[in-house]
Structures are given as C-alpha cells and as structure tokens.
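In: what follows is a predicted protein model with its sequence.
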Amino acid sequence: MQSTRSLKDRIFLVIKGLAMGAANKVPGVSGGVVAFVAGFYQEFIYSLQRVNKKAFKLLFNGRFKSFYRYINGKFLSLLFLGMIVSYFSVSKILDYLIVHYELYVWSTFFGMILGSIYYLSKDFKEWNRTTFTALILGAIAGISISFLDPATENDNLFFVFFCGIISVSGMTLPGFSGSFILIILGNYVLLLVDSVNALFDTMFDIFSGNFEFIHNEVRIRLLKVLAVFTIGSITGLVTFSHILNYILKHYKNITLATIMGFIIGSLGVVWPWKKTIYQENLDGSLILDSTGKQIIANYERFLPEFNSQTYIAIVYIALGILIVLGLEWYGKQTRQSKI
C-alpha cells in the first residue's frame with residue numbers, strides 16, 4: 001500500500017513539475033503560484049537552499065548518495081523532470097491554445113490568479129499597517145512591471161546569464177512572472193522559443209545520426225545562449241532560495257503580504273480582454289522570430305462587451321478558480337496523509 005502511494009506521489013510530483021514548467025513559460029503566470037497553492041512551495045524552497053557548501057563537499061568527495069539525500073534529490077529530480085518535459089510538450093500545447101483560443105486561455109489564467117489570491121488571503125490573519133503597506137507596494141510593483149515597454153533582443157552572454165537569474169524568480173517568488181520579465185528585457189523569444197527549439201532540433205539530429213548542425217553557426221550560437229541561460233537560472237534558483245528561506249523565517253508575514261501584492265498586480269498582465277501589440281521595425285513592418293512568429297511587445301487592455309463570447313470567458317474564469325481550489329484540496333490531503 002505504501003509503495004502504491006509512493007508511486008502515486010511521484011506521478012503527481014511530475015505533474016506538478018509539468019504545471020510549473022507550463023506556467024513559467026506563459027507571460028504573466030508564475031510557476032511559484034502553482035507551488036504555493038499545491039502545497040509544496042516551502043519544501044521546494046527548503047530543498048533548493050540545501051544546495052550549499054556542505055552539499056558540494058559531499059559531491060566533490062564522491063558521496064553521491066549522501067548528496068542526493070541531503071538536497072532532497074528525489075523531490076527535486078521528479079519536479080524538474082516534469083518542468084523539462086513541459087517545455088517540449090505542455091508548453092507547446094499552450095502556445096497552440098493561446099494562438100487559437102486566446103480569450104479562453106487568458107480567462108482560465110485570470111481565474112487561477114483570483115483563486116490564488118483567495119487561497120493566500122483566507123488564512124492570513126496578521127493584517128496591520130506594515131503588512132498592508134507591503135501588500136500595496138507589492139501590487140504597485142506588479143502593476144508597474146506590466147506596463148513597461150520591452151527592450152530589444154540582446155544575445156550578449158553576460159546579459160543572458162543575468163536574464164537567467166532574473167527570469168527564474170517566477171519559480172521562487174509567486175506572482176512574479178519570469179517569462180513576462182523576459183519580454184520586458186527583450187529576450188523572451190530568444191531564450192524561451194528560439195534556443196529551446198534549437199535544443200529540440202539538435203537532439204532530433206543527434207538521434208537521427210545527423211551531425212551537420214556543428215557547422216551551423218546560428219544553431220551553435222543558440223545552444224551557447226541556452227547553456228548560459230540555464231547556468232544563470234540554476235544560479236538564480238539557488239541564490240533566491242537561500243534569500244527567501246531567510247526572509248520567510250524572519251519576516252514571514254511581510255513576505256506573504258508582498259507576495260499577495262505581486263499576485264494582485266499580475267492580474268493586469270493576465271486580463272483576458274486585451275489586444276496583443278507586436279514589435280515593429282522603423283518602417284512599420286512586424287518583427288518576426290526565427291520561426292516566422294510575430295514577437296509580442298505588450299498588450300492593450302479594454303473592457304469587454306457583454307455577449308456570448310464574454311459569458312463563455314466568465315465560465316473559464318470560474319474554471320480557473322476551481323482548478324486552484326482543486327490544487328488546494330489536493331495539497332491539504334497530501335499534507336494530512338504525511339502527518
């Protein structure tokens with residue numbers, strides 16, 4: 001019975017990784033919200049902050065099993081497995097859905113954000129001047145970010161490393177969308193579309209026995225960019241986890257209030273009724289990425305007309321709220337089963 005439960009927990013952990021990976025790739029949505037609502041956020045941060053001097057000492061001394069146990073390797077490996085698979089599967093499906101059913105996808109995300117706000121606020125009892133100020137500042141920061149104009153694409157490796165550190169904040173800080181930050185920095189398409197596609201094509205070529213890609217300068221450049229971005233992301237994950245673990249331990253209420261503010265501020269990014277604004281050249285022509293897709297610059301938001309499409313969108317908002325409540329219920333059941 002225990003082995004069956006263990007297998008079920010492992011499967012659900014991979015599914016959580018799939019959800020986090022997909023959420024991290026969608027502008028305006030934070031993978032950290034998934035971790036928070038599903039009830040494994042603190043374990044996630046705790047496991048990441050175990051990657052420290054002692055962990056590296058165990059690794060360099062060849063004590064691989066001790067290293068794996070020390071960093072909660074089973075948890076992290078299954079979670080990251082789900083995230084990696086998501087980038088080549090679930091996120092591709094999301095890309096398709098956003099193109100063909102944009103209003104309903106954003107409506108679902110909007111509902112999930114509303115559900116997350118409810119989840120965080122319902123048990124928070126420490127409201128005072130300090131926490132309320134933190135909430136407002138977090139909301140202002142989230143709203144301000146959503147209205148920034150994006151920079152131009154930059155493949156300088158030092159800047160790419162910085163992008164990795166910043167973008168991964170969406171996994172460690174709920175409500176702070178790393179993918180939207182990449183849009184603001186101008187490197188969303190380069191880092192989450194072009195370089196990922198380059199890796200996918202390279203893996204396909206290797207399995208096919210075709211190594212001609214080593215002479216493809218564009219492909220090699222994109223692989224270098226992805227490698228540096230990955231190193232930056234890992235650095236950011238470990239660094240942020242240590243900082244957040246300290247902050248949550250010493251300033252838990254202020255941190256939770258700020259996180260709620262970030263999530264409230266992100267509602268502006270995921271507002272369903274918006275027109276996508278694409279990047280343009282000086283002559284007014286649209287800028288395309290390497291796959292021929294138009295590059296998003298920002299969004300122009302508007303109030304909806306009440307028609308059948310709007311009513312359907314409202315149903316999807318309700319669905320998003322129910323998804324979060326379902327995740328909350330599952331997280332609660334999981335925690336109770338471990339007691």
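Out: Here it is on my side, so go on.

In: tell me where the stretch 151-300 of the chain has strands.
Out: 274-278, 296-301 (DSSP state E, counting those that start in this stretch).

In: which of these has the lowest mean pLDDT?
Out: Per-stretch mean pLDDT for those is lowest at strand 296-301 (a mean of 68).

In: quick one: average pLDDT of the next helix or strand after it?
Out: Where DSSP states H and E defines the elements, the next helix or strand beyond strand 296-301 is helix 308-338. Average pLDDT, helix 308-338: 81.

In: so for helix 308-338, what gets flagged as buried?
Out: 313-314, 316-317, 320-321, 323-324, 327-328, 331 (16 or more other Cβ atoms under 10 Å). Backbone N, C-alpha and C define where each C-beta goes, glycine included.

In: how about those residues in CSV, adding distance to N216?
Out: Formatted as CSV, those follow (distance: Cβ to Cβ, whole Å):
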residue, distance to N216
A313, 43
I314, 48
Y316, 42
I317, 45
G320, 41
I321, 46
I323, 41
V324, 43
L327, 42
E328, 47
G331, 45
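
In: quick one: which of those is nearest G82?
Out: L327 (14.4 Å; Cβ to Cβ).

In: what sits against the closest one?
Out: 34, 37-39 (Cβ atoms under 8 Å, 6 or more residues apart in numbering).

In: who touches stretch 221-231?
Out: So stretch 221-231 is contacted by 155, 157, 160-161, 163-164, 190-191, 194-196, 198-199, 202 (Cβ under 8 Å, 6+ apart).

In: got a quick ChimeraX command for the buried subset of those?
Out: In ChimeraX, this line selects whichever of the contacts of stretch 221-231 come out buried by 16+ other Cβ under 10 Å:
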select :155,160,161,163,164,190,191,194,195,196,198,199,202
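
In: out of the contacts of stretch 221-231, which sit inside helices?
Out: Judged by DSSP state H, the subset of the contacts of stretch 221-231 located in helices is 157, 160-161, 163-164, 195-196, 198-199, 202.

In: quick check, nearest of the contacts of stretch 221-231 to R69?
Out: For the contacts of stretch 221-231, the nearest to R69 is G164 (27.5 Å; Cβ to Cβ).

In: kindly reformat the contacts of L327 as a markdown table and extend each row with neighbour count and distance to L78.
Out: Formatted as a markdown table, these follow (neighbours: other Cβ atoms under 10 Å; distance: Cβ to Cβ, whole Å):
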| residue | neighbour count | distance to L78 |
| --- | --- | --- |
| V34 | 26 | 15 |
| V37 | 25 | 19 |
| A38 | 22 | 14 |
| G39 | 19 | 15 |
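
In: just the ones in helices from those residues, please.
Out: 34, 37-38.

In: distance to S266 and pLDDT added to those residues, as a markdown table?
Out: As requested, the ones in helices among the contacts of L327 are exported to a markdown table (distance: Cβ to Cβ, whole Å; pLDDT from 0 to 100):
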| residue | distance to S266 | pLDDT |
| --- | --- | --- |
| V34 | 13 | 78 |
| V37 | 14 | 72 |
| A38 | 18 | 72 |
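
In: turn those residues into a markdown table, columns for distance to F12.
Out: A markdown table is the format used below for these (distance: Cβ to Cβ, whole Å):
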| residue | distance to F12 |
| --- | --- |
| V34 | 12 |
| V37 | 14 |
| A38 | 9 |
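
In: from the residues you listed, pick the one nearest L148.
Out: For these, the nearest to L148 is V34 (24.4 Å; Cβ to Cβ).

In: got phi/psi on L13?
Out: phi -70, psi -40 (degrees, to the nearest 10).

In: that one contacts L78, doesn't it?
Out: Yes: L13 sits in contact with L78 when judged by Cβ atoms under 8 Å, with a separation of 4.3 Å.

In: need the max-distance pair from the buried residues of helix 308-338.
Out: Farthest pair in these, by Cβ to Cβ: A313 and G331, 27.3 Å.

In: could you report the pLDDT at N187?
Out: For N187, pLDDT reads 80.

In: excluding chain neighbours, what is closest to it?
Out: C163 (5.2 Å; Cβ to Cβ, 6 or more residues apart in numbering).

In: ok, the one you found - contacts?
Out: 182, 185, 187, 191, 229, 232.

In: now L78: how far from L18?
Out: 11 Å (Cβ to Cβ, to the nearest Å).

In: ranking helices and strands of the chain by mean pLDDT, which lands last?
Out: Ranked by mean pLDDT, DSSP states H and E, the helix or strand of the chain with the weakest confidence is strand 296-301, at a mean of 68.

In: just to revisit the earlier point, for the contacts of C163, which one is nearest F262?
Out: Using Cβ to Cβ, the contacts of C163 come closest to F262 at L182, 16.6 Å.

In: report the contact partners of the nearest residue to R50 once chain neighbours are set aside.
Out: The shortest distance from R50 to any non-neighbouring residue, by Cβ to Cβ, 6+ apart, is to I71 (4.6 Å). I71 is in contact with 47, 50-51, 55, counting by Cβ under 8 Å, 6+ apart.
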